[in-house]
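following is a predicted model, sequence given first.
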Number of protein chains: 2
Amino acid sequence: MTQQADPRPAGARRVGIADVAALAGVSPGTASKALNGRGNLREETRQRVRAAAEQLGFAPNSVARSLLSGRTFTVGIITTDSYGRFSIPIMRGVEDSLGVGEMIAFLCDSRDDPIREQHHLRKLLERQVDGLIVAGRRTDARQPLRDKLPVPVVYAFARSANPDDCSVVSDERGAAKLAVEHLVKTGRRRIAHITGPHSHASSRERAIGTTEALAELSMELISEPLFGSWTETWGRFAAAQLLRTHPDVDGVFCGSDVVARGVADGLREAGVSLPTQVGIVGVDNWGVVAEAARPPLTTVDLGLEEIGHRAGDLLLAAIDGHPAPGIHVVSSHLVVRES
Amino acid sequence: MTQQADPRPAGARRVGIADVAALAGVSPGTASKALNGRGNLREETRQRVRAAAEQLGFAPNSVARSLLSGRTFTVGIITTDSYGRFSIPIMRGVEDSLGVGEMIAFLCDSRDDPIREQHHLRKLLERQVDGLIVAGRRTDARQPLRDKLPVPVVYAFARSANPDDCSVVSDERGAAKLAVEHLVKTGRRRIAHITGPHSHASSRERAIGTTEALAELSMELISEPLFGSWTETWGRFAAAQLLRTHPDVDGVFCGSDVVARGVADGLREAGVSLPTQVGIVGVDNWGVVAEAARPPLTTVDLGLEEIGHRAGDLLLAAIDGHPAPGIHVVSSHLVVRES
DNA sequence: GATTGTCAGGAAAAGCTTTTCCCTCTTATG
DNA sequence: CATAAGAGGGAAAAGCTTTTCCTGACAATC
């Protein structure tokens, strides 16, 4: 690996501050002050140095700068999800937040493998990252990374099992509440809940939130929540089953858009007119699924990008010495389409 | 931004090689040699140093190491796509490839904004990345990043307009050929092509590949290629139209899985039995779309992950002084499902 | 016994920027 | 005029690891 052939093929030697200083006829220290607005220099000298830097296309070597300051303006993102459905908007939010602090992110994919995760962690710490964000694909609590880390950590979407860590999570029950209230507000009274596997915390939370929200309105589900899998096939199957047992259903809250799309297809193909006879609400606001469904799905957006953004902000604050441990809940919002 | 509050909340002072050396009773230089297998040391000394490093949990500060060696073992990935459908598998491939070289990637999202892109470029160069990968979302050629970059660059998926740059691209015509051959092999003779916007190079290339592949078999399309958009709605619409003008169609090659799914729904709901009467082939192998379609879609996988992998390999080679300029084509492969 | 060679490890420089401390020159003040 | 103060800029250290060069000690050889 990595012979020592010339590592700079095209663009000549990199210019250093010494080159700028020489061209401007000052010492490197002075050049540094001129460019960074420090020290006590004549305005004319500053101009001269700036001109020299411009002319040479000087960009400070941030490696040297980091070595001195102990700060790299770099964070590591460890995602357990192979850049999938969930981590993508989260990462975008993180990058947005980090960008304003002139920080930049290393991306590591642990693929749910603890060994891999520790390996990435070590590599990131060697590189002196200023902080870490751990993004998961499931809302179930996860093991903390490791005790006594030398840098702050923020968990995004998948909370840390240690409540003293800083975690940013979605509001699962609030999402269910939004969905239920929307269904009721649009006149639905006989509501069912079709969702994913019972082994997923998000399924269970959303189911609990659903019954709670109905209870607040003195209502209840027309049947027990139907747990299955996060697939369209399950949605279609469950829709058919639901029609057999409860043909009078007029609203379905689905645990995800994928399930909701299956339910919509299942109902429509059984001759149910949507959204006239039955209203459907999904969760995720996953464009390719929700918009292509017939009718386009009304759905609850969990605010993944906002989660990433908050995680980034909290990490920056922690790096600046203002940690905010605990669970931070980002609220969901309803996206009304035609279903 | 960034006060100088204590940047290390939890884990005490970072241990340096000097700490290890002191504990082992040697000089820092000797400790370095011991840990890196350099120099001429007694085996017992090496052991002692290794034990001390272990005990203290020492991890070398790669910032200092980089400053000395001029190599950071870091690359920058600039994607024009907000971590979307295409960049995701590409990035995974890149990470796979880079991982074996113990390299790690900075991720930047330019959101198709040249200003943003230049900004990211500058930040990455300041950080002394060893190389760059530019990943696009469209196959259309793009402007090169900049002339005379001090590090090697590999373009992935979206080739550089400069043919002397190193680009890794998908085989659009080959993909069309695979699809057509599959349709013909499964007995289809009256084949149509429904695809995305004519303004996209990938639509045009796939259409050309389709007619070429048919020509090689002394066949031709039953109608001109139908250009539209990358949506299910277009697929459904085009399917209906196709049935009106060519009710005898028995095979459709679609420019993407999303379109193919629309076509499948459109045909099925018009009473066409799939795949008995009409065979459908898509492009992308996008799980959530292709697998949920009825029937699950046979599709051409463009090998995005492989593109990322190749790009990573080529970049590593270039960093090691073995550049391979030109266009590198990654071949597609057929994924046979039930359509 | 003196010289040469080898082995083990130490000392110091290098890599690039920033920052602290200090020096010199000018100007103002008593 | 002499001293103090301030302005402007230089010199050098610091940050951490690696690498080169060098020194000492010991053994072997003549």
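Received, thanks.

what residues does chain A have near DNA strand C?
Proximity of chain A to DNA strand C (CB under 7 Å from any atom of the strand) is limited to residues A:14, A:16-18, A:28-29, A:31-33, A:35-36, A:38-39, A:58, A:60-61, A:64-65, A:67-69. Backbone N, C-alpha and C define where each C-beta goes, glycine included.

could you flag which of those residues are buried?
A:14, A:16, A:17, A:31, A:32, A:33, A:35, A:58, A:61, A:64, A:65, A:67 (16 or more other CB atoms under 10 Å in any protein chain shown).

farthest pair in those residues?
Of all pairs drawn from these, the widest gap by CB to CB lies between A:14 and A:33 and measures 21.3 Å.

what residue in the stretch 151-300 of chain A comes nearest to DNA strand C?
For the stretch 151-300 of chain A and DNA strand C, the shortest gap (CB to the nearest atom of the strand) falls at residue A:151, measuring 20.5 Å.

the stretch 201-339 of chain A too?
Taking CB to the nearest atom of the strand, the stretch 201-339 of chain A has residue A:320 as its residue nearest DNA strand C, at 15.9 Å.

can you count the residues close to that residue?
Each residue near residue A:320 was counted by other CB atoms under 10 Å in any protein chain shown, and the total is 18.

quick one, what contacts the spatially most central residue of chain A?
Most central residue of chain A, judged by C-alpha distance to the mean C-alpha position with CA atoms, centre = their mean, is residue A:90 at 1.6 Å. Contacts here follow CB atoms under 8 Å, 6 or more residues apart in numbering or on different chains; on that basis residue A:90 touches A:79, A:135, A:156, A:157, A:304, A:305, A:307, A:308, A:311.

among those residues, the buried ones, what's the ChimeraX command?
Buried residues within the contacts of residue A:90, by 16+ other CB under 10 Å, are selected in ChimeraX with:
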select /A:79,135,156,157,304,305,307,308,311
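
all helices for chain A, in order.
Assignment of helices within chain A using DSSP state H yields the ranges A:17-24, A:28-36, A:43-56, A:62-69, A:87-100, A:114-126, A:172-185, A:201-216, A:232-245, A:257-269, A:287-290, A:304-319.

dump the ones you listed into a markdown table; add mean pLDDT as well.
Formatted as a markdown table, the entries for those read as follows, by pLDDT from 0 to 100:
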| stretch | mean pLDDT |
| --- | --- |
| helix A:17-24 | 93 |
| helix A:28-36 | 94 |
| helix A:43-56 | 93 |
| helix A:62-69 | 93 |
| helix A:87-100 | 88 |
| helix A:114-126 | 93 |
| helix A:172-185 | 96 |
| helix A:201-216 | 96 |
| helix A:232-245 | 96 |
| helix A:257-269 | 96 |
| helix A:287-290 | 89 |
| helix A:304-319 | 95 |
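
what sits up against stretch A:243-254?
With contacts defined as CB under 8 Å, 6+ apart, stretch A:243-254 is touched by A:176, A:179-180, A:183-184, A:186-195, A:210, A:222-223, A:235, A:239, A:242, A:260, A:263, A:267, A:270, A:272, A:277-283.

repeat that for stretch A:20-35.
Contacting residues not belonging to stretch A:20-35 are listed as A:17-18, A:38-39, A:41, A:45-46, A:48-53, A:55-56, A:58, A:60 [CB under 8 Å, 6+ apart].

out of those residues, which touch DNA strand D?
The subset of the contacts of stretch A:20-35 within reach of DNA strand D, by CB under 7 Å from any atom of the strand, is A:39, A:41, A:45.

whatever residue of the stretch 51-200 of chain A ends up closest to chain B and residue A:68, how far apart?
Using CB to the nearest CB, the single residue of the stretch 51-200 of chain A nearest to chain B is residue A:150, 3.7 Å away. Separation of residue A:150 from residue A:68 (CB to CB, to the nearest Å) stands at 18 Å.

re the thing from before, mind putting the helices of chain A into JSON lines with distance to residue A:108?
Converted to JSON lines, those look like this (distance: least, CB to CB, whole Å):
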{"stretch": "helix A:17-24", "distance to residue A:108": "32"}
{"stretch": "helix A:28-36", "distance to residue A:108": "32"}
{"stretch": "helix A:43-56", "distance to residue A:108": "35"}
{"stretch": "helix A:62-69", "distance to residue A:108": "19"}
{"stretch": "helix A:87-100", "distance to residue A:108": "11"}
{"stretch": "helix A:114-126", "distance to residue A:108": "4"}
{"stretch": "helix A:172-185", "distance to residue A:108": "27"}
{"stretch": "helix A:201-216", "distance to residue A:108": "24"}
{"stretch": "helix A:232-245", "distance to residue A:108": "32"}
{"stretch": "helix A:257-269", "distance to residue A:108": "27"}
{"stretch": "helix A:287-290", "distance to residue A:108": "26"}
{"stretch": "helix A:304-319", "distance to residue A:108": "15"}
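
care to break chain A down by domain?
As given by automatic domain parsing, the domain ranges for chain A are A:17-60, A:70-170+A:304-330, A:172-301.

next, the distance between the ends of the second one.
Same thing as domain A:70-170+A:304-330. Separation of the first and last residues of domain A:70-170+A:304-330 by CA to CA, to the nearest Å is 32 Å.

repeat for the last one
For domain A:172-301, the first-to-last residue distance is 11 Å (CA to CA).

next one: it to chain centre, how far?
When C-alpha coordinates are averaged (CA atoms, centre = their mean, to the nearest Å), domain A:172-301 and its chain have centres 24 Å apart.

check stretch A:21-33 too.
For stretch A:21-33, the distance between its averaged C-alpha position and the chain's averaged C-alpha position is 44 Å (CA atoms, centre = their mean).

can you tell me the residue of the stretch 151-300 of chain A closest to DNA strand D?
residue A:151 (14.3 Å).

DNA strand D contacts on chain A?
By the criterion of CB under 7 Å from any atom of the strand, the positions of chain A lying close to DNA strand D are A:25-30, A:39-42, A:45, A:64, A:67-68, A:70.
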